[in-house]
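Participant: Provided below are the primary sequence and the corresponding predicted coordinates.
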Amino acid sequence: MGLDLESLSEATSGAIGALASTTILYPLDTCKTKYQAEVRAHHQQKYRNISDVLWEAISNRQVLSLYQGLGTKNVQSFISQFLYFYGYSFFKRLYLEKSGNKTIGTKANLLIAAAAGACTIIVTMPLDTVSSKMQTSEFGKSKGFWKTLSENSWSEAFDGLGISLLLTSNPSIQYTVFDQLKQRLLKRKLSKKTGTESSREALSALSAFMLGAVSKCVATCLTYPAIRCKVKIQAAESDEDGSKEAQKEQKTVSAALNAIWKREGLHGFYKGLQAQILKTVLSSALLLMIKEKITKTTWVLMLILKRYLFATNPRLKNV
């Protein structure tokens, strides 16, 4: 079986896009996560909106603390996006080969995206949990990755795994919407040019950005209550007034749902939705824009690397 260069180039370009978008938007992500993690009665809330988190960092001269946990988040983003895009591209190509279809339908796309997402989450969950704890800790008091990880058991590193697996529907919806919109746009563009299709045809930067924004907005609105619960579960340890018992109880989906409902009501399930949309839409749009623009370059580099490896070691042709 030969090297799957298409899946590898998709994974590499997606991971590079994730690394860039995560780094650029990380302060916004920190503000959003701290705001989402807070669950108190309305009159006791420390943060009224994400700008309060930003002003707290500025007033305490802890602006650099907005980057606490950036290294961990970057590693998690790079690995998760690489695995996701590789799995998504590989499963999609396998499906098309086995089914004999030229295009993939919405249902099959959702299932493939969910399978790729589930595999990714199981591998990267400890990194996701640790980065959330680092982001929601007090400004200037964030512990390093190894210290944060060592203070918790391996089972605690997988806090929120169940709801995270449920949230595979988020990227599934996102990339399905993106792929369907992309196929329609490229079909229209190619039919005007030559009347043929090309698997290597890429969207323009603006088109990729806009489609990425629309697809992520749809996915975020549909799955936001689960996103809020996940952040609350992972950051339970960071509550200022939380006892050890309360922290353990908060690490279940039912307890997180109950706490939000009792203290904030129905509106609480959508607290921070605007911030989530702003951050994730910008992040996903940047990621997909960068990915679309470097995919061709990555493909060429992969071909060059493959030829070089085969030239230096002919036995690799059988790999």
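Facilitator: Good, I have the coordinates.
Participant: So residue 139, which state does it fall into?
Facilitator: Assigned by DSSP: H, G, I helix; E, B strand; the rest coil, the conformation of residue 139 is coil.
Participant: got the contact list for it?
Facilitator: By CB atoms under 8 Å, 6 or more residues apart in numbering, the contact list for residue 139 reads 56-57, 60, 62, 65-66, 68. Every residue, glycine included, has its C-beta placed from N, CA and C.
Participant: Pick the one among those residues closest to residue 218.
Facilitator: residue 66 (28.4 Å; CB to CB).
Participant: can I assume that closest one is in contact with residue 55?
Facilitator: No. Between residue 66 and residue 55 there is no contact under CB atoms under 8 Å: 11.6 Å.
Participant: neighbour count winner among these two?
Facilitator: residue 66 (20 against 12; other CB atoms under 10 Å).
Participant: What pLDDT is listed against the more buried one?
Facilitator: On the pLDDT scale, residue 66 is placed at 90.
Participant: If you drop the residues flanking it in sequence, what lies closest to it?
Facilitator: residue 27 (3.9 Å; CB to CB, 6 or more residues apart in numbering).
Participant: how many neighbours does that neighbour have?
Facilitator: 18.
Participant: does it sit in a helix or strand, and which one?
Facilitator: Here residue 27, judged by DSSP states H and E, is contained in helix 26-37.
Participant: Can you work out which other helices and strands pack against that helix?
Facilitator: Secondary-structure packing of helix 26-37 (3 or more CB pairs under 8 Å, 6 or more residues apart in numbering; DSSP states H and E): helix 50-59, helix 70-99, helix 106-136, helix 205-234, helix 273-312.
Participant: Just give me how far that helix sits from the chain centre.
Facilitator: 14 Å (CA atoms, centre = their mean, to the nearest Å).
Participant: Contacts for it, please.
Facilitator: 22, 47, 49-54, 66-70, 73, 132, 135-136, 227-228, 231-232, 235, 238-239, 271-272, 275-276, 278-279, 282-283.
Participant: change it to 6 Å
Facilitator: Helix 26-37 is contacted by residues 47, 50, 53-54, 66-67, 70, 135-136, 228, 231, 235, 272, 275, 279 when judged by CB atoms under 6 Å, 6 or more residues apart in numbering.
Participant: Closest one of the residues you listed to residue 306?
Facilitator: Nearest to residue 306 among the contacts of helix 26-37: residue 70, at 33.6 Å, using CB to CB.
Participant: Please report the distance of the closest residue in space to the closest one that isn't next to it in sequence from residue 68.
Facilitator: Using CB to CB, 6+ apart and skipping residues adjacent in sequence, the residue nearest residue 70 is residue 26, 5.2 Å away. Residue 26 sits 9 Å away from residue 68, taking CB to CB, to the nearest Å as the criterion.
Participant: ok, those two, which is more surrounded?
Facilitator: Taking neighbours as other CB under 10 Å, residue 26 and residue 68 compare with residue 68 leading, 24 against 21.
Participant: three-state assignment of the spatially closest residue to the more buried one that is not a sequence neighbour?
Facilitator: Excluding the flanking residues, the one nearest residue 68 by CB to CB, 6+ apart is residue 142, at 3.8 Å. With three-state DSSP as the basis, residue 142 sits in coil.
Participant: what mean pLDDT would you report for the helix holding residue 27?
Facilitator: 88.
Participant: what angle separates that helix from helix 50-59?
Facilitator: 120 degrees (axes from the mean of the first three to the mean of the last three CA atoms, to 10 degrees).
Participant: What residues sit buried inside helix 26-37?
Facilitator: 26-37 (16 or more other CB atoms under 10 Å).
Participant: how about the residues you listed in JSON lines, adding distance to residue 208?
Facilitator: Shown next, in JSON lines, are the buried residues of helix 26-37 (distance: CB to CB, whole Å):
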{"residue": "26", "distance to residue 208": "22"}
{"residue": "27", "distance to residue 208": "24"}
{"residue": "28", "distance to residue 208": "21"}
{"residue": "29", "distance to residue 208": "21"}
{"residue": "30", "distance to residue 208": "26"}
{"residue": "31", "distance to residue 208": "26"}
{"residue": "32", "distance to residue 208": "23"}
{"residue": "33", "distance to residue 208": "26"}
{"residue": "34", "distance to residue 208": "30"}
{"residue": "35", "distance to residue 208": "29"}
{"residue": "36", "distance to residue 208": "28"}
{"residue": "37", "distance to residue 208": "32"}
